[in-house]
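Student: sequence below, structure please.
(one chain, ligands or ions: 1)
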Amino acid sequence: MHQAVKVTDDIWYLGSSDRRLAKFENCFPIPNGISYNSYLVLDEKTVLLDTVDKSVSSVFLESLDYLLAGRPLDYIVVNHVEPDHAATLAEVCLRHPEAVVVGSAKTQSLIRQFFDISLQGRVLQVKEGDTLTTGAHTFTFIQAPMVHWPEVTVTYDQKDHILFSADAFGTFGALNGNLFADQIRMESAEIAEYRRYYANIVGKYGMQVQSLLNKAAGLDIEMLCPLHGPVWRVPKKIEQLIHLYAKWATYQPEDNEVVIFYSSVYGDTENAMQVLADSLGERKVRNIRMYDVSVTDASYLVGEAFRASHLVFAATTYNNDIFPAMAAFLNDLKAHNFQNRTVAVVENGSWAPCSGKKMLEILTSMKNMTVLGQTLTIKSRLREEQLEPLQSLAEEIAASIDKADLA
Ligand code: FEO
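Tutor: Numbers count the residues shown, from 1 in each chain. This next block holds a predicted model:
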């Protein structure tokens with residue numbers, strides 16, 4: 001059965017959700033599924049904005065037929081060629097030989113890489129600021145390279161002031177009957193998924209996201225239609241989401257809070273970090289969070305690192321190096337161009353502790369990282385005589401939290 005939800009008088013949502021996939025991009029756990037969004041404009045000309053992942057292609061094609069109701073498909077705007085959005089593009093092109101494919105020069109070359117279809121004579125190549133009028137609607141094309149791939153374009157509808165924003169402003173999670181963000185509870189758990197999506201998918205490209213935000217600032221945006229997650233249509237809420245993006249894109253923390261990330265083989269490093277956390281709590285530090293990096297998926301850890309101002313990394317020494325899960329997490333942060341945090345390091349090692357030095361090498365290779373205190377070294381387990389240096393570390397973190405001046 002077709003699935004179609006009205007967005008405006010002549011714009012329809014015809015995306016769908018996958019609740020069976022374990023990991024998005026075979027990388028990020030999606031316990032609540034994922035939506036693949038596509039939009040159809042029924043103007044004097046008909047315009048499809050992006051297609052969907054192959055997992056939901058059948059229902060998408062049925063919905064497209066239903067909504068077109070025999071009309072030709074005049075244009076397919078390809079804002080993003082990544083297969084979670086373009087996997088069904090070749091099939092739509094075959095079914096609609098009349099459709100002109102709209103995209104940047106890079107879009108065309110990526111389509112040729114992914115698909116053995118000839119688009120000869122049916123391509124409209126657009127560049128920054130080009131427009132397409134389809135009747136009542138005029139669409140402006142805005143380049144957004146590396147948000148999240150080099151070909152990405154976002155499309156602005158001048159009539160209804162809608163920004164079709166590609167991956168930007170998306171989130172993990174299926175759409176469960178409520179297409180619009182104002183119909184869904186948006187509390188810390190929901191925002192955490194926006195942050196986890198942002199940090200892991202485009203977190204590396206803060207500069208490019210800032211460039212897109214600068215372009216968006218010049219637009220009157222009444223609706224955001226991303227390629228994942230709900231549609232935003234309340235201007236004040238759109239402003240809040242853009243404000244969050246501005247923080248994330250500049251690698252500024254949202255919360256003046258402490259997160260402790262640790263690896264622990266037999267529980268002794270965990271014990272030391274629990275003592276540290278209790279000590280922080282006694283010093284009135286609030287909302288402390290602790291994560292065992294071997295237990296919590298790295299995508300959640302990266303999201304939490306993007307959120308908080310003060311981060312403690314505690315790792316066992318393993319094979320004369322950092323414990324593997326912690327090494328992977330730190331390298332993941334570095335790969336995401338992570339920066340601007342206050343950090344502290346604790347190492348454990350029974351005969352030749354060296355994880356602290358190696359963790360610091362990675363952390364200090366990131367931009368604008370402030371390291372608190374000396375690396376605290378534990379040999380096998382925390383001992384009575386180490387309570388004092390551990391409490392000194394807690395004191396230093398607490399003092400730093402007190403004076404931190406967050407924007
Ligand atoms: Fe949702 Fe970059 O694809």
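
Student: can I get stretch 369-386 in CSV? Just the C-alpha atoms.
Tutor: C-alpha atoms of stretch 369-386 as CSV (Å, rounded to 0.1, in the frame of the first residue of the first chain):
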residue,chain,number,x,y,z
MET,A,369,42.6,21.0,24.2
THR,A,370,43.4,22.0,27.8
VAL,A,371,44.9,19.2,29.9
LEU,A,372,44.2,19.4,33.6
GLY,A,373,46.7,18.1,36.1
GLN,A,374,49.3,15.4,35.8
THR,A,375,48.4,12.0,34.4
LEU,A,376,47.4,9.9,37.4
THR,A,377,49.0,6.5,37.3
ILE,A,378,47.4,3.5,38.8
LYS,A,379,49.4,0.2,39.1
SER,A,380,46.8,-2.5,39.0
ARG,A,381,44.4,-0.9,41.5
LEU,A,382,43.8,2.3,43.3
ARG,A,383,45.6,2.4,46.7
GLU,A,384,45.1,4.5,49.8
GLU,A,385,48.1,6.7,49.1
GLN,A,386,46.6,7.7,45.7
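
Student: what's in contact with the longest helix along the chain?
Tutor: Determined from DSSP state H, the single longest helix within the chain is helix 387-403. Applying Cβ atoms under 8 Å, 6 or more residues apart in numbering, the external contacts of helix 387-403 come out as 256-258, 272, 275-276, 279-280, 282-285, 309-310, 312, 342, 344, 346, 370, 372-374, 376, 382. Yep, even glycine has a C-beta here, placed from its N, CA and C like the rest.

Student: buried sites along that helix?
Tutor: Counting neighbours by 16 or more other Cβ atoms under 10 Å, one finds that the buried residues in helix 387-403 are 390, 391, 393, 394, 397, 398, 400, 401.

Student: could you do stretch 359-378 as well?
Tutor: Across stretch 359-378, burial judged by 16+ other Cβ under 10 Å covers 359, 360, 362, 363, 366, 369, 373, 375, 376, 377, 378.

Student: nearest to the ligand among the buried residues of helix 387-403?
Tutor: Among these, residue 401 lies closest to the ligand (Cβ to the nearest ligand atom), at 35.7 Å.

Student: what mean pLDDT does stretch 221-229 have?
Tutor: Stretch 221-229 shows a mean pLDDT of 98.

Student: sec struct for the closest residue to the ligand within the stretch 201-350 of the chain, please.
Tutor: Residue nearest to the ligand within the stretch 201-350 of the chain: residue 227 (5.2 Å; Cβ to the nearest ligand atom). Under DSSP: H, G, I helix; E, B strand; the rest coil, the three-state class of residue 227 is coil.

Student: next, give phi and psi for the residue nearest to it when sequence neighbours are not counted.
Tutor: In space, and not counting its chain neighbours, residue 227 is closest to residue 37: 4.9 Å by Cβ to Cβ, 6 or more residues apart in numbering. Per-residue torsions, residue 37: phi -100, psi 140 (degrees, to the nearest 10).

Student: and residue 37, how far from residue 2?
Tutor: Separation of residue 37 from residue 2 (Cβ to Cβ, to the nearest Å) stands at 16 Å.

Student: tally up the residues packed near the residue of the stretch 201-350 of the chain closest to the ligand, please.
Tutor: Applying other Cβ atoms under 10 Å, we find 27 residues neighbouring residue 227.

Student: ok, it touching residue 50?
Tutor: Yes - using Cβ atoms under 8 Å, residue 227 is in contact with residue 50, at 6.0 Å.

Student: between those two, which contacts overlap?
Tutor: In contact with both residue 227 and residue 50: 37, 79, 80, 85, 166, using Cβ under 8 Å, 6+ apart.

Student: check what pLDDT the second one gets.
Tutor: Yep, that's residue 79 we're talking about. 98.

Student: apart from its neighbours in sequence, what residue is nearest it?
Tutor: Excluding the flanking residues, the one nearest residue 79 by Cβ to Cβ, 6+ apart is residue 166, at 4.4 Å.
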